[in-house]
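Colleague: sequence-free structure coming up:
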C-alpha cells in the first residue's frame, strides 16, 4: 500500500474521475498509435520512432491534464553532448517506461520478450527495435543484450535498462542486475544513472494516479572504459540509492 493511498486528502471524486479518463485515453490513443506504427512498417525506423515518441509525450501531457500529475527533471546537463549511453534507471511504475522516451534522446529498451506477444500494441512495439529477452534463459538473454545493445549504441541509440528487473514499491530496494553494466564494460559507452519517485504518485498495480510532481534526477556519466562491470554497477547503484533518499517524499 502506498503513501498516497492511505493519506490522500484531496477530492476523491476528481481522483477517480481523472484516473478513469486517463485510462480510457491511454487505451484509445495507444490503439490508434499502434495501428499507425504498423501501417508505417515500410517506412524508415525514424518515422515509427517519432510516432511512438509523440504518443509517449501525449500520455505525459494527459497525465498532467486529467490527474494533475506532472514532473520535473534535474541533471539534463549531464547528457548534453553524449552520442549514446546506457541508462540504469530506478523502476517504480509504468510512468517511467513512457516518460523516459519523452525525456531522453532516441533509445531502445531492454524488456521481456512476452510483451511483444500482445496483439497490436506488442506488435507495434516489436517494430521499434527493443532488446527483447527471455528471462528464463539468462545466458542467451545476456548475449542478446551485449550484441544488440552494442550495435544500437554504435548507431547512436541509447540503451535504457531497469537493473532491478521489475517495479519496486517506494522505499523498496532490490539488488541490481549486471546486464547494463556488462554492456558498458563490453561497449565502452558511459552509464547514466537515473533516480525517480514515480511510484509515489503512479503506484504499481494501482488504477489511481495521484496529483503531484514526480521528480526525476539524472546523474553524471559513469566512465566504463577499462573498468569491470561489478565496479560500474556498484557506482551506479550507490548513486541511485543516495539520489532516491534526496527525492523521496516517504
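Modeller: Cool, got the structure. Owing to the predicted nature of the structure, the values given are computational and were not obtained by experimental measurement. Numbers count the residues shown, from 1 in each chain.
Colleague: and the strands in this structure, which stretches?
Modeller: For the chain, strands defined by DSSP state E occupy the ranges 69-74, 86-89, 107-112, 131-133, 158-161, 191-196, 212-218.
Colleague: format the ones you listed as a markdown table; extra columns: mean neighbour count and mean pLDDT.
Modeller: Where you see a C-beta, it was placed from the backbone N, CA and C, and this is true even at glycine. Formatted as a markdown table, the strands of the chain follow (neighbours: other C-beta atoms under 10 Å; pLDDT from 0 to 100):
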| stretch | mean neighbour count | mean pLDDT |
| --- | --- | --- |
| strand 69-74 | 16 | 98 |
| strand 86-89 | 27 | 98 |
| strand 107-112 | 20 | 94 |
| strand 131-133 | 21 | 95 |
| strand 158-161 | 25 | 98 |
| strand 191-196 | 26 | 98 |
| strand 212-218 | 21 | 98 |
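Colleague: dump these to TSV, plus distance to residue 173.
Modeller: Formatted as TSV, these follow (distance: least, C-beta to C-beta, whole Å):
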stretch	distance to residue 173
strand 69-74	21
strand 86-89	14
strand 107-112	20
strand 131-133	23
strand 158-161	17
strand 191-196	12
strand 212-218	16
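Colleague: nearest to residue 171, of those strands?
Modeller: The closest of the strands of the chain to residue 171 is strand 191-196. By C-beta to C-beta, the value is 13.3 Å.
Colleague: from residue 71, how far off is the residue positioned nearest the centre of the chain?
Modeller: The centre of the chain sits closest to residue 97, judged by C-alpha atoms, centre = their mean, with a distance of 3.1 Å. The gap separating residue 97 from residue 71 is 14 Å, by C-beta to C-beta, to the nearest Å.
Colleague: residue 206 too?
Modeller: Distance from residue 206 to residue 71, by C-beta to C-beta: 18 Å.
Colleague: now residue 217
Modeller: When residue 217 is compared with residue 71 (using C-beta to C-beta), they lie 11 Å apart.
Colleague: name the residues that touch stretch 215-232?
Modeller: Under the criterion C-beta atoms under 8 Å, 6 or more residues apart in numbering, residues 71-76, 78-79, 82, 85-86, 96, 99, 103, 178, 181-182, 184-185, 187-197, 235-236, 239-240, 243, 246-247 lie in contact with stretch 215-232.
Colleague: redo that, cut-off 6 Å
Modeller: 72-75, 78, 178, 181-182, 184-185, 188, 190-191, 193-197, 235-236, 239, 243, 247 (C-beta atoms under 6 Å, 6 or more residues apart in numbering).
Colleague: just want the angle from the longest helix seen in the chain to strand 69-74.
Modeller: Longest helix in the chain, counting residues (DSSP state H): helix 12-39. Going by axes from the mean of the first three to the mean of the last three C-alpha atoms, to 10 degrees, helix 12-39 is angled at 70 degrees with respect to strand 69-74.
Colleague: any buried residues in helix 12-39, and which?
Modeller: 15, 18, 19, 22, 25, 26, 30, 33, 34, 36, 37 (16 or more other C-beta atoms under 10 Å).
Colleague: what's the answer for stretch 238-246, then?
Modeller: In stretch 238-246, counting by 16+ other C-beta under 10 Å, buried: 239, 240, 243, 244.
Colleague: from the residues you listed, which is closest to residue 41?
Modeller: residue 240 (36.6 Å).
Colleague: burial of the closest residue to residue 68 other than its chain neighbours, as a residue count?
Modeller: Nearest non-adjacent residue to residue 68, counting by C-beta to C-beta, 6 or more residues apart in numbering: residue 211, 3.4 Å away. Residue 211: 18 surrounding residues under other C-beta atoms under 10 Å.
Colleague: spell out the residue ranges of the helices in this protein.
Modeller: Counting by DSSP H, the helices of the chain are 3-7, 12-39, 45-67, 95-103, 121-126, 138-154, 179-187, 229-247.
Colleague: how about JSON lines for these, with mean pLDDT and distance to residue 111 added?
Modeller: Converted to JSON lines, these look like this (pLDDT from 0 to 100; distance: least, C-beta to C-beta, whole Å):
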{"stretch": "helix 3-7", "mean pLDDT": "55", "distance to residue 111": "27"}
{"stretch": "helix 12-39", "mean pLDDT": "97", "distance to residue 111": "16"}
{"stretch": "helix 45-67", "mean pLDDT": "97", "distance to residue 111": "14"}
{"stretch": "helix 95-103", "mean pLDDT": "96", "distance to residue 111": "8"}
{"stretch": "helix 121-126", "mean pLDDT": "96", "distance to residue 111": "8"}
{"stretch": "helix 138-154", "mean pLDDT": "95", "distance to residue 111": "11"}
{"stretch": "helix 179-187", "mean pLDDT": "97", "distance to residue 111": "12"}
{"stretch": "helix 229-247", "mean pLDDT": "96", "distance to residue 111": "19"}
